[in-house]
Each structure stands twice: as structure tokens, then as C-alpha cells.
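Engineer: Give me a model of this one.
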Amino acid sequence: MKEMQVITQLRTALALCLSLCLCVNAAEADDTGVYANRVLKRRLQTDKRMAVSVAGGGGADVYASLPFEARQTQSQLHLILGRYQAFGREEGAMQLPARPADKSTADIEMEVAALKGGADQKRIAHTRMSAEQLILGSAAADVKVLDEFSAPPVMEGAGSTLRKIKSIDAASIEAFDLACRNRIAAALRVLSTALTSSQETGSGQIRLSNNYICLLALNDDLSGALTAMKKAAAQNTQFTDGGKYPIAVLNQVAIYLAVKDTTSALTALESLKNSTISGRLGLCYWHSKIRAYQINGQTADAQNALDQMIKRYPNNTLALTTAGDLCMQAGNYKKAAAYFAPAASINKKDPDALIKLAQCQAKLGDLDSAINTATTAVNNCPNNAPAHIALGKLHMDNKEFLGAKLQFERALELKPEFAVKRAAFTPLIKVLDIMNEDKELLRNLALWAKENPQEALCHYNYAFFLAQKNQIAPAISAYEKAIALTPEFSKARYNLALLYRQTNRTEEAKAQLSQVLANTKVQAEKEQAEQLLRSFN
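Structural biologist: Sure thing, here's the model as predicted:
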């Protein structure tokens, strides 16, 4: 009866996209792991943020990479969403020999034929080995997993449905869903609760700690991330073991680099020297090494590491763009362009390399080539807002203001996320101002504030323009809205104080300036407020 139940469960696994068995607790029934794996399997196929890394003991870690831009690190942090095996470890389970990740169908069939057992057991073994191959593929040997899954994610938001599963990884999946929607605080609460309530002390606890630390850093709480790293290392020494948990160690390195602690970063990188890491994790390793050397001023070592990275990944767009980014940071635009050009030719559907190539060409003084390159990016990806923004800025540099205006307007028509909208809207306002299109400028600023009522900057920009046009009453109202949303907005308070003074509201002006002095850490703002206060005497 027990054997029939196992066979039934495995048939269910086949129906649900040939999912792997999640090794959270070998004593749990397969169906809970299957449900979690169904979500992960679908998302692995559709979400390029997610990938697989071969782990110790013949298993694999499924992880998700999120951009980590704190203090210009331009790196990634990786949430570990689960550790997977080809077979469960429950007593009596049929075991298969370890095999490389690049087994062919014929290789699998030969191994299955050599197994002992009946036809049903062999069929199940074949299914499970094929399922493992579907996820691992050749990811252990190269970085195909980075580039082939470019469709938008289809399972975003599914993490909360996993609460019913008694699995620590359900919390990580839910936290990842929240983080993808920029709800970092909510994601942190989910993982904090999981860490507090979990009795896990081994691999599961390390995964939870790793993910919690990543989210702290992504929330720009680097001090909290460092404190949590020390606590996790004290609880389990394997947390800093590059051989067993390379993903966690790479995250630690990224955080050390964010606070410019290159000594700790290089020490942690040394623990990864003999680890088997590949794909984007390998790229992160080399990127981190290069960055640490750059911070230390070790130019020769940084160049040597960069050359090794390109040698390891000569035709990988991420490696080439990473090398280009590092050269741009160092001000070597000619060499950066030499990396971006082949990256752009390899992946024509990703405009990022073309945009950066255009930026390098502009820095080198070849504005015509830069505009041509950015135009190619727009033609290849007409629905990519950053490409339109890049072309618009180049038109501005070339004094082609009408062309710039059209590109910025097109970027906004695509309805991108707010950060990208702002990147288009700010130069659009400058262009309209240069073109003396005051009526259009005022219309856009009013619409911008109306469409983004919770964004203080939108109200500030509207108020600033109204004040310039001597529309004092509506300008005061807009500044007050900006301050209500962001009380520490010192520039808004100072400008509001000027308008209060202009309308003889002296005490209110003084109150605003006092708030500036109490809150600002910018010396120039403090001096400006003090000077205006003295003028009232």
C-alpha cells in the first residue's frame, strides 16, 4: 500500500510539469514538495531572475537574483528559494548514482536500464531523472540558464498561497514575490517571522538567514545586514563556508563591498576559490573580485581578474556588459565600448548594451554614432522606455530638442514603473522649458502631480514652476503637499519659507526654516536657511 501511494504521488509529480522533490524534510509527503516545486518549475522557465546552482551532495539550489545598487555597487544579491535533489532521502527510496548535469536522453535511458526493479520503478526513475535534467540542463557547465528564459514571469504573487505548506522555503518564495513588487518591508516581516518561529538549525536556517540579510541590504539597511551576518555566522559556522554555501558567501561579499570593507570581502572570496560555481554566480565572483581590487587601487590585479572573467565567459552578454560597466566606472570609455559592441550583437533583443555603447560613444565625442546606436536600440526594442530616454538625452546633447521631446513623451506613453517615468519626465520638463513651451510645461507638471499624488517630488516640481510664473497661492499649496508627504524635504521647506515671506507670513516662514535647520545634514542648506532667518531681524 505504501509503495502504491508513492507511485501515485510520483505520477502526480509528472502531471505537474515533471517537478523535482524538495528536500526540506524527507519525512514529509511528496505532494507538499510537488506543489511548491510546480511554482518554482514554472517560474524557472519564465523568470530570468531565477536560476539553478549545483549544490553539495548532488543536489541543486534554486535561487533568484535581484539588483543591488546600494552605494553604486552595481551587483546582485541572491535569495535561495530551495535546495532540491533528484531523489528523496526517505528510507527505502531507490537511489541513483550521481551524474554530471549534461547527461543526454540516451545516457539516462542506459542508466535506468541498468537499475534493478520492476517496470513501474524504472519508469518512475526515468521520469525523475528527466525532470532533474529539465531544471539543471547544462547550467553547471555554462550560463545558458541566464539567457534562454526571457519571457515575463507568469507566477508572480503565488508565494502567499504556499503558506499552507509546512516548509521554511514557502516563506522565502513569498518574500521573493513581495520583493519583486518592491514591498521590501513586507518581505522582511515574512522572513523575520519565519526565522523566529523556525526550529530549523541546518541548511534551512542558513537559507532563511541569507534571504533576510539580502532583503535588509536591499532595503538599504547595511548596518542591520552586517549585524545579521554576524549572528548567522555565530549560529552556524557553515554560513561562511564557501564550499557548502557559495551563494550566501557571495552575498556577504557584496555587502562588504557596499561598505568598502575590502579586507573582509577578499577573505570571503578566498573561501570560494575552490568552489564549483558557474553561471551568473561565477560572474558575481569575478565582478566582486574586480570591484574589491578597484576600491583598493590595485589596478593591475583588477585588470587581470577582468581578463580572466572574459576568458571564462567570452560570448556571454552579462560578462561583456559587466566588463564594460567596470571600464565605464574607471572612465575608460574606449575599452568599455569594445565590450558593449559584441554584447549588443549577441543579444539584439536586449537594448541595454546598445544604450551603454551609445553613452560611451557620446563620452568619446562621437555624438552622431551615439545617436545612430541609440536609434538602433529603439528600432530593435520600440517598447523599451529606457531606450527612448537614452535617445532623447542624446538628442538634447545635440540641441535637437523636438526629437528629444518626442522620445521622452514616447517613453512615458509606455507607462513604465515610476523610477523610469521620472527618468523620462525630468529631462522632458527641461526640454519644454528650453523650448519656451510654458503652457505645455504647466500642463505636464499638473498632470504629473495628479497621477502621482503620493510622490512629494511631483508636487515640488509643480510648485517650483508655479512660483517661477508668480502663481504664488497654488505654488504654496503644492509645496505644502510635498512637505506633508516628506517632512524632511528641506528644499521644499526653504522654498516655501521664501513664498511665506513674500506674502508677509513671517512666523510661518521662520517655522519652516527652523525645521530645515533641525533636519538637514547638508551644510549648504543649513547655511542658506540661517542666512534667510537672519534677514528677518
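Engineer: that's a helix at Ala509, yeah?
Structural biologist: Yes - counting by DSSP: H, G, I helix; E, B strand; the rest coil, Ala509 is part of a helix.
Engineer: And the contacts of stretch 389-408?
Structural biologist: With Cβ atoms under 8 Å, 6 or more residues apart in numbering as the contact definition, stretch 389-408 has outside contacts at 355, 358-359, 362, 367, 370-371, 374-375, 377-378, 388, 411, 420, 423-425, 427-428, 430-432, 434-435. The C-beta positions use only the backbone N, C-alpha and C, and glycine is treated the same way.
Engineer: try it again with 6 Å
Structural biologist: Residues from elsewhere that reach stretch 389-408, judged by Cβ atoms under 6 Å, 6 or more residues apart in numbering: 355, 367, 370-371, 374, 378, 388, 411, 423-424, 427-428, 431, 434-435.
Engineer: Quick one, which of those residues are buried?
Structural biologist: Buried by 16 or more other Cβ atoms under 10 Å: 355, 370-371, 374, 378, 388, 411, 423-424, 427-428, 431, out of those.
Engineer: could you dump the residues you listed to JSON lines with pLDDT and distance to Thr267?
Structural biologist: Conversion of these to JSON lines gives the following (pLDDT from 0 to 100; distance: Cβ to Cβ, whole Å):
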{"residue": "Ile355", "pLDDT": "95", "distance to Thr267": "36"}
{"residue": "Ala370", "pLDDT": "96", "distance to Thr267": "42"}
{"residue": "Ile371", "pLDDT": "96", "distance to Thr267": "46"}
{"residue": "Ala374", "pLDDT": "95", "distance to Thr267": "42"}
{"residue": "Val378", "pLDDT": "95", "distance to Thr267": "45"}
{"residue": "His388", "pLDDT": "96", "distance to Thr267": "44"}
{"residue": "Ala411", "pLDDT": "94", "distance to Thr267": "44"}
{"residue": "Ala423", "pLDDT": "90", "distance to Thr267": "38"}
{"residue": "Ala424", "pLDDT": "91", "distance to Thr267": "43"}
{"residue": "Pro427", "pLDDT": "93", "distance to Thr267": "43"}
{"residue": "Leu428", "pLDDT": "93", "distance to Thr267": "47"}
{"residue": "Val431", "pLDDT": "93", "distance to Thr267": "50"}
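Engineer: Please flag which of the contacts of stretch 389-408 sit within helices.
Structural biologist: Assigned to helices by DSSP state H, the following of these qualify: 355, 367, 370-371, 374, 378, 388, 411, 423-424, 427-428, 431, 434.
Engineer: closest to Phe465 among these?
Structural biologist: Relative to Phe465, the closest of the ones in helices among the contacts of stretch 389-408 is Leu428; by Cβ to Cβ it sits at 12.7 Å.
Engineer: where does the stretch 151-300 of the chain have low pLDDT?
Structural biologist: Counting by pLDDT under 70, the stretch 151-300 of the chain has low-confidence residues at 151-168, 200.
Engineer: Helices of that one, start to end?
Structural biologist: For the stretch 151-300 of the chain, the helices identified by DSSP state H, counting those that start in this stretch occupy 168-180, 184-197, 203-218, 222-235, 246-258, 262-270, 279-296, 299-312, in order along the chain.
Engineer: I'd like the distance from the shortest one to the chain centre, please.
Structural biologist: So the one you mean is helix 262-270. With Cα atoms, centre = their mean, to the nearest Å as the basis, the distance from the averaged C-alpha position of helix 262-270 to the chain average is 23 Å.
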